[in-house]
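Trainee: need coordinates for the following:
(one chain, ligands or ions: 2)
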Amino acid sequence: MTNKGSTFISNLKDNIGQQVTLAGWLYNSRASGKIQFLIIRDGTGLCQCIVEKGKVPDELFEQLKHLGQESSLTVTGMVRADERSVGGYELAVTDAEIISPAVDYPITPKSHGIDFLLKNRHLHLRSQGQWCIGKIRHTVIDAIRRFFNDNGFILIDTPILTATAGEEEQTLFKVDYFGEPINLTQTGQLHLESAAMSFGRVYCFGPTFRAEKSKTRRHLTEFWMVEPEVAFIDLGGLLELAENFVSFIVAQVLQENRGHLETLGADVASLEKIKPPFYRLTYTEAVDILTSQKARDFLAGQLVELKNQKEHIEGRITQLEEEQKGQIKQWKRDKNAAELIELRSELAEVDTKIENNPKHAELAAEFRWGKDLGGSDETIISQMHDKPVFVTHYPKQAKAFYMKTDRDSEKVVLNFDLLAPAGFGEIIGGSVREDDYDRLVTRINEQGLNIENYGWYLDLRKYGSVPHGGFGLGVERTIAWLTGEKHIRQCIPFPRMMDKVYI
Ligand code: 4AD
Ligand code: MG
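Mentor: Numbering: from 1, shown residues only. Ligands and ions are numbered 1, 2, ... in the order given. All right, here's what the predicted structure looks like:
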């Protein structure tokens, strides 16, 4: 495919030895005497373009030399394969046309603080990190649809404006609907259950909203969730569906985005291990682990490791600061400055972890049966496993009204959370649904929900009720896990958080 007479960087492999024109933006450049190295990006990749004095008109050579980062341009030249070059190909430039020069682009290749980058997200999307994440997000979303479409599921678009609350009422966003208060949807599940009674296997996929007052790395106020719902399924069937689904997403990302994962520094080797079966723990077993000597030893070992890391980072910082005091080339000085910014933010993170370690250890040791697992508890359990872990059978009082009570053990519900490994925590929540009319009425009343809003939902238990269940997978949390991003705000193009809606 061509791009108005030009070639995409991703197609250069088919054009070796030929003259092509690339249309893109100047990502980075450096000049050394009679030669300039321009890194161009075009949305499909990066390409190093070499401009030699004498091979292009002198006036153009000078213009290119002073061209600012993110100027738009076309460059024409001969394609060469070069393994050392970014992307593996180079262009020996014979001509170029500047489309729109950019002056003082605010985001330089040096490091910037996260607040600055969030305020400039409209521009930051052009950075390599955001570009790689965007490509991976595309694959994840494509894999989600492909998995369900290829496995007999029907896509159902559930409403965003709803009267019912699917999850905790405290996190509802209220909307004034012609004078009536209604909510932005927290989940498509309730409506999806009604569709499951028509189509058998269904899924919905869209944005969901939660007025989360927490500012943790795992919470957005607007996030994307995919939810399958299946008639005639039990908890075991749901776990199998979930592990096959997650393994499929991981396999697709490994196939399509290996390079992007590597650029982001993701742990590709660990992702290769993500195949069924995943680990299965009951909530009660998870509590036993949290309060065990094994967990205490694990956390103590982690503290030692963190302190070593801290020492190592501090050593490198001192070394770089010394270098900066001496006589060094400008490019080296800039490179050191960028590394120092990175190291200082890494150090701050390690310091936070060192500070939190004893608090988390205490929370875990004092954990009592009955509470929902907290973020730090999930982190500990997931850190102690190298593959995703299902935690099932939570106490009824800690979970949503719609979850089916285990008839063999009335204190717990037939639900599960899937914890991603290596500390990422919950990426899926799901359950078998209460299918008994009277029990559901009791649960709705116990939770203080307005039963009038649930008449239609209760009807599903009146007319041909069947065992059924489903789950929801958070797209941004999944991407954060796959890419190794610490904060899920990096995994959606325009994040919405309690204290941040910039763009
Ligand atoms: O565990 P949750 O709340 O489950 C439900 O909403 C069910 N109704 C789903 C179902 O059974 N159909 O949310 C499901 C997933 C979580 O595991 C997490 O990945 C993601 O949605 N999630 C969030 N992601 C980002 N920001 C938030 N505030 C999130 N809350 C939940
Ligand atoms: Mg949950």
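
Trainee: any idea how far the residue sitting furthest away from the middle of the chain lies from ligand 1?
Mentor: In the chain, Gly54 marks the outermost C-alpha relative to the chain mean, sitting 47.4 Å out by C-alpha atoms, centre = their mean. To ligand 1, Gly54 is 56 Å away according to C-beta to the nearest ligand atom, to the nearest Å. Placement of C-beta: from N, CA and C, glycine included.

Trainee: now for that residue: which residues touch it?
Mentor: Taking C-beta atoms under 8 Å, 6 or more residues apart in numbering, we find Gly54 in contact with Lys34.

Trainee: and for Leu303?
Mentor: By C-beta under 8 Å, 6+ apart, the residues touching Leu303 are Ile354, Asn357, Pro358.

Trainee: okay, stretch 429-442 in CSV with CA atoms only?
Mentor: Output of stretch 429-442 as CSV, limited to C-alpha atoms (Å, rounded to 0.1, in the frame of the first residue of the first chain):
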residue,chain,number,x,y,z
GLY,A,429,-13.4,-10.3,38.2
GLY,A,430,-16.2,-12.8,37.6
SER,A,431,-18.8,-15.1,39.1
VAL,A,432,-21.6,-17.5,38.7
ARG,A,433,-24.8,-15.5,39.1
GLU,A,434,-27.5,-16.0,41.7
ASP,A,435,-30.2,-17.7,39.7
ASP,A,436,-32.7,-18.3,42.5
TYR,A,437,-35.4,-15.6,42.6
ASP,A,438,-35.9,-15.5,46.4
ARG,A,439,-32.2,-15.6,47.3
LEU,A,440,-31.6,-12.7,44.8
VAL,A,441,-34.4,-10.6,46.4
THR,A,442,-32.8,-11.2,49.8
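
Trainee: buried set for that stretch?
Mentor: Of all the residues in stretch 429-442, those buried under the rule 16 or more other C-beta atoms under 10 Å are Gly429, Gly430, Ser431, Val432, Arg433, Glu434, Asp435, Leu440.

Trainee: just those: which are in helices?
Mentor: Leu440 (DSSP state H).

Trainee: near ligand 1, from the buried residues of stretch 429-442?
Mentor: Among those, the residues lying close to ligand 1 (C-beta under 6 Å from any ligand atom) are Gly429, Gly430, Ser431.

Trainee: list the contacts of the second one.
Mentor: Meaning Gly430. Leu238, Ala242, Asn415, Phe416, Asp417, Leu418, Gly469, Gly470, Phe471, Gly472.

Trainee: host element of the spatially closest residue to it that is not a sequence neighbour?
Mentor: Among residues not flanking Gly430 along the chain, Phe471 sits closest, at 2.4 Å (C-beta to C-beta, 6 or more residues apart in numbering). Here Phe471, judged by DSSP states H and E, is contained in strand 468-474.

Trainee: mind giving me the packing neighbours of that strand?
Mentor: Applying 3 or more C-beta pairs under 8 Å, 6 or more residues apart in numbering; DSSP states H and E, we find strand 468-474 packed against helix 189-199, strand 222-231, helix 235-263, strand 415-420, strand 425-432.

Trainee: what's the pLDDT at the residue farthest from the centre of the chain?
Mentor: The per-residue pLDDT reported for Gly54 equals 94.

Trainee: swap in Gly423?
Mentor: For Gly423, the pLDDT comes out at 82.

Trainee: tell me, how many residues neighbour it?
Mentor: 18 (other C-beta atoms under 10 Å).

Trainee: how about the nearest residue to it once chain neighbours are set aside, what does it touch?
Mentor: Distances taken as C-beta to C-beta, 6+ apart place Gln383 nearest to Gly423, at 4.4 Å, with adjacent residues excluded. Counting by C-beta under 8 Å, 6+ apart, Gln383 touches Phe298, Gln302, Pro421, Ala422, Gly423.

Trainee: do the same with Ser6
Mentor: So Ser6 contacts Val20, Thr21, Leu22, Ala23, Thr74 (C-beta under 8 Å, 6+ apart).

Trainee: look up the residues forming beta bridges with it.
Mentor: Per DSSP bridges, the residues bridged to Ser6 are Asn3.

Trainee: contacts only, for Ala102.
Mentor: Residues in contact with Ala102 (C-beta under 8 Å, 6+ apart) are Leu26, Gly68, Gln69, Glu70, Ser71, Ser72.

Trainee: got the confidence number for it?
Mentor: The per-residue pLDDT reported for Ala102 equals 97.

Trainee: cool, Gly113 as well?
Mentor: For Gly113, the predicted pLDDT is 79.

Trainee: again, but for Asn3
Mentor: In this model, Asn3 carries a pLDDT of 56.

Trainee: what does the chain have sitting close to ligand 1?
Mentor: Residues of the chain lying close to ligand 1 by C-beta under 6 Å from any ligand atom are 166-167, 187, 189, 210, 212, 219-220, 223, 225, 227, 426-431, 470-472, 474, 476-477, 488.

Trainee: what's next to stretch 315-331, contact-wise?
Mentor: Contact with stretch 315-331 is made by Arg30, Lys332, Arg333, Asn336, Ala337, Glu339, Leu340, Leu343, Arg344, Leu347, as judged by C-beta under 8 Å, 6+ apart.

Trainee: for the protein, which spans come out with low pLDDT?
Mentor: Along the chain, the parts satisfying pLDDT under 70 run over 1-4, 109-110.

Trainee: from the contact counts, what lies against the strand ranked longest in the chain?
Mentor: Using DSSP state E, we find that the single longest strand of the chain is strand 19-32. Judged by 3+ C-beta pairs under 8 Å, 6+ apart, strand 19-32 is in contact with strand 35-41, strand 46-52, strand 72-81, strand 89-100.

Trainee: so which elements touch the last one?
Mentor: Strand 89-100 makes packing contacts with strand 19-32, strand 46-52, helix 58-65, strand 72-81 when contacts are defined by 3+ C-beta pairs under 8 Å, 6+ apart.

Trainee: repeat that with 7 Å
Mentor: With contacts defined as 3 or more C-beta pairs under 7 Å, 6 or more residues apart in numbering; DSSP states H and E, strand 89-100 has these neighbours: strand 46-52, helix 58-65, strand 72-81.

Trainee: try the first one
Mentor: The criterion is 3+ C-beta pairs under 7 Å, 6+ apart, and the helices and strands that strand 35-41 contacts are strand 19-32, strand 46-52, helix 58-65.

Trainee: mind doing that once more with 10 Å?
Mentor: Packing partners of strand 35-41 (3 or more C-beta pairs under 10 Å, 6 or more residues apart in numbering; DSSP states H and E): strand 19-32, strand 46-52, helix 58-65, strand 72-81, strand 89-100.
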